[in-house]
Structures are given as C-alpha cells and as structure tokens.
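J.: quick check, what structure comes out for this input:
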Amino acid sequence: MSILLLPDELVDQIAAGEVIERPASVVKELVENSLDAGASRIEIDIEQGGAQLVRVRDNGAGVASGDLPLALRRHATSKIRTLEDLAAIATMGFRGEALPSIASVSRLRLTSRTAGAEQATELLADSVDAQLRPAAHPPGTTVEVRDLFYNVPARRKFLRTPATELSHIVRFVERAALIHFGTAWKLRSNGRTLLDLPLASNAALIAERLASVLGGEFMSHALALEHRAGPVLLEGWVSAPTASRSQPDQQYLYVNGRVVRDRLLASAVRLGYRDVLYHGRHPAYLLNLVLDPGLVDVNAHPQKLEVRFRDSRQIHDFVFRAVERALSDTVRAATPERWLPAAQRQQPGGGPSWDLLQAVGGVASVAPEYVPQQLSRASGRFGTAIAQLHGIYILAQTADGLVIVDAHAAHERVLYEQLKAQRDTRPASQALLAPVIVTLKAHELEIALTQTAEFERAGFEIERFAPTEIAVRAVPALLGTQDLQAMIATVVREVIGQQGSAHLQDAEHRVLASMACRSAIHANRHLTLEEMNALLRQMEQTERIDQCNHGRPTWVALGMTQLDQLFLRGR
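T.: Here you go, the predicted structure:
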C-alpha cells in the first residue's frame, strides 16, 4: 500500500486516544489548565459518570478573546516557547494537546473572560467546526464537554458503568485537592455534591481537608516529614507502622505538586518501612517531592502520569533515607511537645505552597536534630517497672499512667538496632575460601558489574567469571555461610531497575533481624525488676522502638483519664 497523509480529523482522534482515555482524563486535563491559570476556586459538574457531561469552572486568569480559536489548535500553548522551556517544565500542562484532543471526540463549549475584558467570549466546537460569540461570564473560564466519544462509538463502548467512571473522577479530584491547598474544590455528580473543600489557608484548615478526604484515622497516626538535601526536598506525612493497611489505597505521591504514579518513588517509600512493617501490609502516606524542574522529565507519558529523573538512583536513596529516618524517630510522636516546620513556605520550582502541621490528633513533625539518648535522659518516658504479667508483659508506672511492654518484641527491636550499629563499626566483609559462582542472564550480569562499588560498600566482592556468571569472593561478615548462591542471585535481580546499596543492605538486615528474634527474651522467662528497668531504659535509647522487627507494636500506654473511665471514677 502507498503512504498517505492522514486527514486532520483522524490525526486529532488518534492523539485523543493517547491523551483522553476516559472521562477522568478530561477532568484531569481541564483541572490542570485551571491550576496553571492560578485558580483559587474550581467547580466540577458531572453527569452520567462524565460520558454525558463534564463541566469545569474556575476563577483563573482566563483566555483572551483573540486566543480562543488557537486554544483548539494542536500544539498551541502559552506555557512553553523554547526547547529550554521544555527541559524545565514548571506548569501542569504544556503541550497544547488537551483541548483539541477533547474537542475532536466531544461537543465542547469554552467560555472565558480575562480580568480586564468587558465581556466574555464563548467558543462552540465539535469535531467538524467551531464558532465564536459574546457571552456573559465572570473572570475565569468554563469548559463544558458533552457526549464524550459520540463520534467514536468503538471508544464509547469501552467506557465502564457511570458509577465506575465517577469513581475514577473522584479519586483524581481528591488527589489534586490533597496537594493544592490554596484552591477551593467542589465536585457535583447529577446535581449531588460529593466534595466541598474550602480553601485551606492555615494548618487547621489543612488538617480538616486531610481528615475529610483521608479520614480521621490517617490523621491520628500520621507523622509529618520534612527532609532536605541540597536542592531536593521531601515533605508530607507518613503513617505510623502500627496503622498499616491491608491494601495500598492511601498512598499519594507528587512531584512538584503534580499527581504521579512512579514505581521508583513507591519502591523507595516501601523500602523505608522495611524494618517496621508486617509482610503483606501497606503503609499510608502523602508525600510531595520538590526539586528543580530541570532535574525531572514530566514529558515521559502521554497523560503526564509518569516522570523520569535525571539521577534516579540518588532520588531513590534520598526518599528511602528520608522515610526511614522519619520512622526511626517515631518516639517523638508520644511526647507532649510538637513542632511546626516552615509553614506556608513557597516551594522552589514553581510548585504550590505547602503547609505542614503542628499537631492534629497525634500528628508530629520530625525534628532533624533529634538524638534518642537526649530524650532518654530528659524524660524516662517508659517509667518504672512494677511487675511482670504472665511472663510476657512488663507493667511500668509513669507520671501519666501505665505503660505495658511486650518484653520479647521490645527486646527484639533493641537487639536488632544494636546488631546494625555493630555491623557499621566492624570490617564489612569476610573473604570466602572458595568463591561462590552465581549464574545470571547476560544483561543482569552487565548491570551487576556496573554496581560493583555499591556491592563493595555492602560487603560483597564480585567479579566477572564467565559470560553469564559472576564470582563472589567476599560477603558481609554477619551473613555466615547460608545459601549465598540463591541469596546473591536474588539481591542482584532486586538491584536491577532500583539502583543503590539499599537492597544489598536489606539482605543482610534480614539475617540480623532473625538473629535478634532468636536472641531476644522469650515468653515465660522470669525477669527481675532490675532487668525490666534496664530494658525500659534501653528502649528509650533505641530508634524505631514503637515496633518490633516484624511490625508489631512493642508497647501501649493507658493514661490516668483512660484508667478512670474504665472504673467510672468521677461519675
């Protein structure tokens, strides 16, 4: 067959197929335009799951009357001018594909007015033609999209039920509202209000928004996180490990305020929980990574849902360490003092302002200068041991009431952290009498050889042995001689696509955790008061003491008010 140029109408519909997957895609593109226009209020109306109507109205800067026809031309945009602009994108949208793509598969009405204009202008468009006319409208823009995919029946057939399509829309709006606190949001479906979130201009209002979207349980177990290294900042909230979930349904990731699905970031956060979470359980978190737009490519996905980092290994390790550090300092969450990091700070790179909380139902920020030993000397927060219950639990009296400690779980965490500290101060590796030969695929072997420095820092010494084999001549000293071949092969494969030494260390940490579990105090072992108090003091000096190595809680507290309520005192 001969090569022919496709008609413009077909080209637009092909482009629409890449950008507009379902009604939620329409909402996403229109909302991002509203945010780029500086809107402080966005209202969204949906009918029949968005297939019949999607209407997005904002009070942003608006579009000048003369620019409206260009808004429906492909690759016409006000947001970039040069190739350099494309390499450092600081806006939500930028390619100029959203409106023409939507218009090619729907009946679109665009009404807009700039602040200085005497009246608004309305643009009516469908896949065939477009026309302009005067209209009444306050400053801002309304985009009305009707009969989505009316001219592409094959696409319309693949839409799900209105309820399913609506659920996708709600999820996106919630995700956008959880990062753009400077914007008020209203979402209605068939005339019924589903979300009504006022502008959150201070910490208390931000807390209300988070609780209304994520629920009070998230807020009662959340720890505020703020960690900076050079030009990169990670901020937001992570849940305490004891508040883990059976599904990953409360995991929100953003890059410079942009909603993203990023496996590298998700992997880094998951790794940060490696020492404190049950197997099969999932953490809850809301995290925004702020960095120079030139360090991240947001043009890696047609719907701008995925990003690429210039140095993915450094970003992965930065996020992992930030989360790990926040969780190691969870001891802060139980103290009466609270911290409020840099409220209403303007983010670098053109992102939205981000207000971290002081305290709402147990929310506590992480003080970067915190040292556990200082807290121990100052507070003695686990009190004084008074008894042992059934050979399992330590009962300790505190100034505020009663602390109950699972002796085995707490001692396990204490030993595990001590073993890790000892490992950091000892020679990292031991030579093997005979090398262990590991067989890999050719591409796996090449990747492993590019990571020799990371292997060495973790205590391994590797070298090429054959086209598909590596020889391991030294291993971390604490690994012993257990099934090294299988373990090393697994570790190498974990490193692929997730560069950095964290995965190598994880293999050794699993061995240390097993050693700590076997050595810790076991049930039915009688402890003296001196031994119990010694464990309480060790707990006060140990990071991540709130959970054992398997993610179980190590202690609970009952305040005097709770104890009085149990016995109806004061009634």
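J.: residue 558: how many residues sit nearby?
T.: Applying other Cβ atoms under 10 Å, we find 15 residues neighbouring residue 558. For the C-beta atoms, the positions are set from N, CA and C on the backbone; glycine is no exception.
J.: tell me the spacing between it and residue 564.
T.: For residue 558, the distance to residue 564 equals 10 Å [Cβ to Cβ, to the nearest Å].
J.: ok, residue 175 next?
T.: Noted for residue 175: a distance of 43 Å to residue 564, by Cβ to Cβ.
J.: so for the residue nearest the centre of the chain, what's the pLDDT?
T.: Centroid-nearest residue in the chain, with Cα atoms, centre = their mean: residue 253, separated by 3.3 Å. Residue 253 is assigned 95 on the pLDDT scale.
J.: give the next helix or strand downstream of the host helix or strand of it.
T.: Using DSSP states H and E, residue 253 maps to strand 251-255. Downstream of strand 251-255, the first helix or strand assigned by DSSP H and E is strand 258-259.
J.: quick check: what element follows that next one along the chain?
T.: Proceeding N to C from strand 258-259, the next assigned helix or strand is helix 263-272, under DSSP H and E.
J.: in the helix or strand just after that next one, which residues are buried?
T.: Where DSSP H and E defines the elements, the next helix or strand beyond helix 263-272 is strand 285-290. Across strand 285-290, burial judged by 16 or more other Cβ atoms under 10 Å covers 285-290.
J.: so strand 285-290 versus strand 251-255, what angle?
T.: On the basis of axes from the mean of the first three to the mean of the last three Cα atoms, to 10 degrees, strand 285-290 is oriented at 10 degrees to strand 251-255.
J.: pull up the pairing partners for the next helix or strand after strand 285-290, direction included.
T.: Heading C-terminal from strand 285-290, the first helix or strand you meet, by DSSP H and E, is strand 296-297. Using DSSP bridges, the strands paired with strand 296-297 in its sheet are strand 308-309 (antiparallel).
J.: who touches whatever helix or strand comes next after the strand it pairs with?
T.: Using DSSP H and E, the next helix or strand after strand 308-309 towards the C-terminus is helix 312-328. Here helix 312-328 makes contact (Cβ atoms under 8 Å, 6 or more residues apart in numbering) with 223, 225, 227, 229, 232, 234, 238, 241, 264-265, 267-269, 271-276, 285, 287, 289, 291, 309, 366, 498-502, 543-544.
J.: 7 Å - rerun?
T.: Residues from elsewhere that reach helix 312-328 (Cβ atoms under 7 Å, 6 or more residues apart in numbering): 223, 225, 227, 229, 232, 234, 238, 241, 264-265, 267-269, 271-273, 276, 289, 309, 366, 498-500, 502, 543-544.
J.: hmm, back to that, quick one, which of residue 175 and residue 564 is more surrounded?
T.: Neighbour count, other Cβ under 10 Å: between residue 175 and residue 564, residue 175 has more, with 18 against 13.
J.: my guess is the more buried one contacts residue 257. True?
T.: No: look at residue 175 against residue 257 with Cβ atoms under 7 Å: they stay out of range, at 11.0 Å.
J.: tell me the mean pLDDT for the helix or strand hosting residue 456?
T.: For residue 456, the host element (DSSP H and E) is helix 452-457. Helix 452-457 shows a mean pLDDT of 75.
J.: please report how far residue 115 lies from residue 32.
T.: Residue 115 sits 21 Å away from residue 32, going by Cβ to Cβ.
J.: who's more crowded, those two?
T.: Shown here are residue 115 and residue 32; by other Cβ under 10 Å, residue 32 has more neighbours (19 against 11).
J.: which residues does the helix or strand encompassing the more buried one contact?
T.: For residue 32, the host element (DSSP H and E) is helix 23-36. For helix 23-36, the surrounding residues in contact (Cβ under 7 Å, 6+ apart) are 19-20, 42, 44, 49-51, 54, 56, 58, 60, 79, 91-93, 98, 102, 143, 145, 148, 165, 168-169, 172-173, 176, 180, 183, 303.
J.: just the buried subset of those, please.
T.: Looks like the contacts of helix 23-36 have 19-20, 42, 44, 49-51, 54, 56, 58, 60, 79, 91-93, 98, 102, 143, 145, 148, 165, 168-169, 172-173, 176, 180, 183 buried, using 16+ other Cβ under 10 Å.
J.: let's see which of those end up in strands.
T.: If you go by DSSP state E, these have 42, 44, 54, 56, 58, 143, 145 in strands.
J.: and the residue nearest to residue 268 when sequence neighbours are not counted, how far from residue 157?
T.: Residue nearest to residue 268 in three dimensions, not counting chain neighbours: residue 319, with 3.8 Å by Cβ to Cβ, 6 or more residues apart in numbering. From residue 319 across to residue 157, the span is 41 Å (Cβ to Cβ).
J.: am I right that the residue nearest to the centre of the chain is in contact with residue 263?
T.: No: using Cβ under 7 Å, residue 253 is not in contact with residue 263; the gap is 10.1 Å.
J.: quick check, distance from stretch 115-123 to the centre of its chain.
T.: Its chain's C-alpha centre and that of stretch 115-123 lie 40 Å apart, by Cα atoms, centre = their mean, to the nearest Å.
J.: would you mark the buried spots in that stretch?
T.: Neighbour-count burial for stretch 115-123, counted by 16+ other Cβ under 10 Å, picks out 120-123.
J.: list the buried ones in stretch 24-37?
T.: Neighbour-count burial for stretch 24-37, with 16+ other Cβ under 10 Å as criterion, is recorded at 24-37.
J.: from residue 223, how far off is residue 245?
T.: According to Cβ to Cβ, residue 245 stands 16 Å off from residue 223.
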